[in-house]
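*Asks:* After the sequence you'll find the predicted model.
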Amino acid sequence: MTRAELHTGSHDLPVSPALEEFMRSGWADSERHDLPVDEVAGWAATRRAHLHARFTGERLVVPAGGYQRRSNDQHHRFRPHSAYVWLTGDQSSDGVLVIEPDGDATLFLRPRSGRGDGEFFRDRVYGELWAGRRPTLGESNRRLAVPTRHLAELASALSGAGVPTRVLRGVDHGVEALLGTPAGPGDAEFAAVLAELRLVKDAWEIGQLEQAVATTTRGFEDVVRALPMAMRTSERHLEGVFWQRARLEGNDVGYHSIVAAGAHAATLHWIDNDGPVREGDLLLLDAGAETRSLYTADITRVIPVSGRFSPLQRDLYELCRQANDAALAALRPGAEFRAFHRAAMTVLAHGLADLGVLPCPPEQALAEDSGLYRRWTLCGSGHMLGLDVHDCAAARSGNYLDGRLAAGHVLTVEPGLYFQPDDELIPAELRGLGLRIEEDVLITDEGYRMLSDGLPRQADDVESWMHRISS
C-alpha cells in the first residue's frame, strides 16, 4: 500500500521521513502461538460441508463485507454478513470465504498491520495504532481451523478460467468486480440456499440464542428498575439502560430498541425513543441483546409505568396474551408456518368485534378478500430468529413463509393491537394504545419450548414481577 492510499485524516500533521523511519523499527514479535480452536469451528466446518454438498463442482464465494461510512471519516461499527459468520465463525472486516469445487475452504483475510509499510500508524481505518489489533493469518488459522491467505491473493485465486462460480452478492462490490461476471439466477439461488440452510439451528446455535434471551431478560429487569428516572427524563434513558446490559454481556443490541411509551406504542417500529414516560401510560419495550457470537434475542413486553394496569389496559393486554397463547398452541413440527398467525388473528378479530370497532362480523373480516380487522393489527405475527433478527429472509417462500415448521426452527410469536391516536373509527379511550407480547420459541420434536419464559406473560404476573424487582 502506498502512502497516498493510506486513510490518513485531513487534520493529521505531516510525517517527516525521520519519524516514519523511526516508527517502523523497534517492535517486538507478538505473534500468539497458543490460541485454542474456537468452539464454533467444528460446527462451522459441518455447515461448510453441507453448503458444498448442495453445489458440488462449483466455487462458492461468501464475503464478510467492509466498513460502511457514517459521516466524513467516521464509520459504523463493523458487523459481518450473517452467512459469512455462520460458515466461518470469523467477524473481521473484508474477509472472504472461498470453497473450491472439491470442497476445500480458504479464508482470505486482511492480516495484522505490518510495521514496515506505514499502515500501523498512518491508516485510521485499519492501522493498529488507530483501530486496534487484528489477528495475524496464523492466529486466524489456529483459532478458526481454516486455511488462511492474504486478502491480496484473492484476485489470483478467483482467476481460474472455466471454474463455475457463485458469489453472495450485495455484500462486497470489490469482490464482485474481481469476478467480472454479472449477477445471475445462480447467485440468487446461492443466496436462497445459504438462508435456507440456516433455518434449522444446530445445538451450538440454540445455546447462543439461550444466552441472548438470558441477557435480554436481565435487560428488561434493568428497564423496570430505571422507570423512576425515565419519568424524569425520557424514553432514551431506558434505551440506554438496556443498551448498557447488551454491551456489558454481549456484543450490542441485535436491532434498534423500540422503547415506546404512551401513543408511541402504536408506531410499529418506533426507534426515536425521545418521548416522555408518564405515570398511567403503558410502555412497549421491544428489544434484544446480541451475543458476542452475534446471535440475537427479540422480545417484547408491555409494562404499566405505574406498576398497575388500568381496567381497560388489562383487558386489552389479556386479549393480546390470549392471541399469543392461541398462536403458541399451533406450533409443532409439520405445521404450516402461517398457521400460528392465523390462530392469533382469529382471537384478535373476535376481540375487536367485542370492542365494537369492527364494521362487519369477525368471520367476514377474517376472509382473505376482506382483512378489515388488520386496520388495528397490520403486521405478521412472527418471524425466524438467529444471527439476524429477521433471520433467513432470503429463503424461498416455499421453504419458509409458505413452508412448514421443523424441529430446530427458532422463531418469534408476536401478535399485537395498535390503535392510532387519530383514528376516529374507534372510541376515544382506545386511541394511542399499542400492545404486543413477543416470545422467542424453539420448535422441538414434541412441539415447542419457550426460550423467553423468564419474563412474565399474564397481567397479574407482570405487576407482581415489577413490584418484586423494583422493591
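*Replies:* The structure has been received and is ready for your questions. Numbers count the residues shown, from 1 in each chain.

*Asks:* Distance check, the residue nearest to Ala41 when sequence neighbours are not counted against Gly89.
*Replies:* Distance criterion Cβ to Cβ, 6 or more residues apart in numbering; nearest residue to Ala41, sequence neighbours excluded, is Ala145 at 4.2 Å. All C-beta atoms are positioned from the backbone trio N, CA, C, and that covers glycine. From Ala145 across to Gly89, the span is 9 Å (Cβ to Cβ, to the nearest Å).

*Asks:* Can you check which residues contact both of these two?
*Replies:* Counting by Cβ atoms under 8 Å, 6 or more residues apart in numbering, the residues touching both Ala145 and Gly89 are 38, 41.

*Asks:* Compare the two (neighbour count), which wins?
*Replies:* Comparing Ala145 with Gly89 by other Cβ atoms under 10 Å, the one with more neighbours is Gly89, at 24 against 16.

*Asks:* The more buried one touches Asp38, doesn't it?
*Replies:* Yes. Here Gly89 reaches Asp38: they are 5.3 Å apart, a contact under Cβ atoms under 8 Å.

*Asks:* Overlap in contacts, those two.
*Replies:* With Cβ under 8 Å, 6+ apart as the test, Gly89 and Asp38 both reach Leu144.

*Asks:* Any buried residues in the longest helix along the chain, and which?
*Replies:* Longest helix in the chain by number of residues (criterion: DSSP state H): helix 203-225. By neighbour count on 16 or more other Cβ atoms under 10 Å, the buried set for helix 203-225 is 204-206, 208-224.

*Asks:* cool, and stretch 237-251?
*Replies:* 237-239, 241-243, 245-246, 249-251.

*Asks:* Which single one of those residues is nearest to Arg110?
*Replies:* Asn251 (20.2 Å; Cβ to Cβ).

*Asks:* Tell me the pLDDT of that closest one.
*Replies:* Looking at Asn251, its pLDDT reads 97.

*Asks:* cool, and Gly162?
*Replies:* Per the predicted model, pLDDT is 83 at Gly162.

*Asks:* do the same with the one 4 residues further on
*Replies:* As predicted, Arg166 sits at a pLDDT of 96.

*Asks:* Now the spatially closest residue to it that is not a sequence neighbour. Its backbone dihedrals?
*Replies:* In this structure, Arg166 finds its nearest non-sequential neighbour in Phe190, 4.0 Å apart by Cβ to Cβ, 6+ apart. Backbone torsions for Phe190, taken as degrees, to the nearest 10, come to phi -60, psi -50.

*Asks:* Can you give me the distance of Phe190 to Ala343?
*Replies:* 35 Å.

*Asks:* Counting neighbours, go ahead and name the busier of those two.
*Replies:* Ranked by neighbour count (other Cβ under 10 Å), Phe190 and Ala343 place Phe190 first, with 25 against 22.

*Asks:* ok, now which ones touch the more buried one?
*Replies:* 55, 60, 166-168.

*Asks:* next one: Val37
*Replies:* 142-145.

*Asks:* cutoff 10 Å now
*Replies:* By Cβ atoms under 10 Å, 6 or more residues apart in numbering, the contact set of Val37 is 89, 142-145.

*Asks:* Look up which helix or strand it falls in, please.
*Replies:* Using DSSP states H and E, Val37 falls within no helix or strand.

*Asks:* Distance check, it against Arg314.
*Replies:* 53 Å.

*Asks:* Gly42 falls within a strand, correct?
*Replies:* No. Counting by DSSP: H, G, I helix; E, B strand; the rest coil, Gly42 falls outside a strand, being helix.

*Asks:* wait, it sits on Trp204?
*Replies:* Yes. With contact defined as Cβ atoms under 10 Å, Gly42 reaches Trp204; the gap is 8.6 Å.

*Asks:* Next, show the common contact partners of the two.
*Replies:* Between them, Gly42 and Trp204 share the contacting residues Gly89, judged by Cβ under 10 Å, 6+ apart.

*Asks:* rewinding a little: which among the buried residues of stretch 237-251 gets closest to Phe121?
*Replies:* Closest to Phe121, out of all of these and judged by Cβ to Cβ, is Asn251, at 27.8 Å.

*Asks:* you'd agree the closest one is up against Gly288?
*Replies:* No. In this structure, Asn251 is not within contact of Gly288 by Cβ under 10 Å, at 11.5 Å.

*Asks:* Report the set of residues contacting both of these two.
*Replies:* Counting by Cβ under 10 Å, 6+ apart, the residues touching both Asn251 and Gly288 are 212, 295-296.

*Asks:* Which parts of the stretch 51-200 of the chain are helices?
*Replies:* 82-88, 119-122, 128-131, 137-144, 154-157, 173-179, 185-197 (DSSP state H, counting those that start in this stretch).

*Asks:* Would you mind pulling up the elements that the third one packs against?
*Replies:* In this structure, helix 128-131 packs against helix 119-122, with contacts taken as 3 or more Cβ pairs under 10 Å, 6 or more residues apart in numbering; DSSP states H and E.
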